[in-house]
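Chemist: Predicted coordinates and the sequence they were generated for:
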Amino acid sequence: MTRKRSRNRVKTRTRKTMAVKVFPGAFASLLLLATVLSLGYLWLGSRCDNLGRQISSLEKQLDQKQREVLNEKFKWSNMTSTLQIEKLLQKHGIEMTWPSEESVVRLRRTDTHLQLAQATGGVVND
């Protein structure tokens with residue numbers, strides 16, 4: 001008959017020694033740093049390209065607005081010319097003449113700021 005093995009016996013394993021290459025931590029951190037720097041460089045490059053496109057589109061809008069302003073100034077100067085105003089007055093049936101000398105009121109510029117500076121200061125507000 002076979003003998004029963006006792007359960008109290010401790011099993012011992014023998015480990016086989018294997019050659020395991022350990023990935024060095026310094027090399028891993030250097031590789032991680034290079035990866036982070038390259039991704040940051042790519043992100044900055046794409047950001048700069050995007051900003052460049054935005055700037056060029058805004059410059060085009062600025063040129064367009066400047067042309068519109070110049071066009072409106074030209075229209076305004078044509079509308080406010082004396083010949084154009086006379087045509088509009090005739091079109092609407094408005095007759096305008098220069099005022100007579102008696103109806104002109106001339107105002108002189110007062111020097112109130114000089115008068116206030118020369119005040120004696122006798123009035124005190126409490």
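Modeler: All right, it came through fine.
Chemist: From Lys87, how far out is Trp98?
Modeler: Here Trp98 is placed at a distance of 19 Å from Lys87 (Cβ to Cβ, to the nearest Å). Where you see a C-beta, it was placed from the backbone N, CA and C, and this is true even at glycine.
Chemist: Neighbour count for the two, which is higher?
Modeler: Set Trp98 next to Lys87 and count neighbours by other Cβ atoms under 10 Å: Lys87 wins out with 11 against 7.
Chemist: neighbouring contacts of the helix or strand hosting the more buried one?
Modeler: Assigned by DSSP states H and E, Lys87 belongs to helix 82-91. Residues outside helix 82-91 that contact it (Cβ atoms under 8 Å, 6 or more residues apart in numbering): Asn78, Glu95, Met96.
Chemist: ok, now with 10 Å
Modeler: Ser77, Asn78, Met79, Ser81, Ile94, Glu95, Met96 (Cβ atoms under 10 Å, 6 or more residues apart in numbering).
Chemist: I'd like to know how far the last one sits from Lys16.
Modeler: Which is Met96. Counting by Cβ to Cβ, the gap from Met96 to Lys16 is 116 Å.
Chemist: same deal with the fifth one?
Modeler: When Cβ to Cβ is the yardstick, Ile94 and Lys16 sit 115 Å from each other.
Chemist: Name the residue in the two with the higher neighbour count.
Modeler: Remark: of Ile94 and Lys16, Ile94 carries more neighbours, 8 against 5, as counted by other Cβ under 10 Å.
Chemist: pLDDT score for the more buried one?
Modeler: With respect to pLDDT, Ile94 scores 93.
Chemist: Next up, the contacts around it.
Modeler: Leu88.
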